[in-house]
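1. here are the coordinates; sequence isn't available:
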């Protein structure tokens, strides 16, 4: 150990560990599993509501997609209806996945509440992670499409004017 002698820090000692990465004590403490489950239980009803509303939205979007496909092929003035119907069905399928993750998450919260098991709490949190991972990837994809749309909105009129 080296001793540091300057005006402000007279007599302070530095050791070799001064620049070492700090360690976090992440060992389990005496927290009861019921304390960990409590915040999850408080959100369970909202998670369940969002999953049910997501399933209902998926149903209506897919029905609208099929309606556009049938209507688009039957009406001669609507040639893009069938293509738009396929887009609606694809959007409906995108709504289905986060709704499924939320449904499984709510079910896992109920299981953890009944069993008071840390393994069931972990399973619930894994479903929550899957939901947010899917949502994050979807946001990134939508952002890319947004940027491409802005680029197209700028480039198409410029090229049409040339």
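-> Perfect, thanks for sending it. From a predicted model like this one, the values you see are computed outputs, not experimental measurements.
2. Could I get the full set of helices for this protein?
-> Using DSSP state H, the helices found in the chain span residues 33-74, 81-115, 118-161.
3. And the most centrally placed residue in the chain, how far from residue 116?
-> For the chain, residue 132 is the residue whose C-alpha lies nearest the centre (Cα atoms, centre = their mean; 2.0 Å). According to Cβ to Cβ, to the nearest Å, residue 132 and residue 116 sit 25 Å apart. Using the backbone N, CA and C atoms, a C-beta is placed for each residue, glycine as well.
4. go on, residue 99?
-> For residue 99, the distance to residue 116 - Cβ to Cβ - is 27 Å.
5. more crowded one of these two?
-> Higher neighbour count among residue 99 and residue 116: residue 99, with 19 against 13, using other Cβ atoms under 10 Å.
6. so the more buried one touches residue 59, yeah?
-> No. Using Cβ atoms under 8 Å, residue 99 is not in contact with residue 59, being 10.2 Å away.
7. Check the helices of the chain for me and report the most buried one.
-> Among the helices of the chain, helix 81-115 has the highest mean neighbour count (mean count of other Cβ atoms under 10 Å), at a mean of 18.
8. what's the angle from it to helix 33-74?
-> 160 degrees (axes from the mean of the first three to the mean of the last three Cα atoms, to 10 degrees).
9. Run through the neighbouring helices and strands of helix 81-115.
-> helix 33-74, helix 118-161 (3 or more Cβ pairs under 8 Å, 6 or more residues apart in numbering; DSSP states H and E).
10. Would you mind giving the helices of the chain as a markdown table with distance to residue 19 added?
-> Formatted as a markdown table, the helices of the chain follow (distance: least, Cβ to Cβ, whole Å):
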| stretch | distance to residue 19 |
| --- | --- |
| helix 33-74 | 35 |
| helix 81-115 | 42 |
| helix 118-161 | 34 |
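11. got the ones you listed as TSV, with mean pLDDT and distance to residue 21 columns?
-> As requested, these are exported to TSV (pLDDT from 0 to 100; distance: least, Cβ to Cβ, whole Å):
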stretch	mean pLDDT	distance to residue 21
helix 33-74	90	28
helix 81-115	91	34
helix 118-161	92	26
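12. What are the neighbouring residues in contact with the closest residue to residue 121 other than its chain neighbours?
-> Distances taken as Cβ to Cβ, 6 or more residues apart in numbering place residue 112 nearest to residue 121, at 4.7 Å, with adjacent residues excluded. By Cβ atoms under 8 Å, 6 or more residues apart in numbering, residue 112 lies in contact with 37, 40, 120-121, 123-124.
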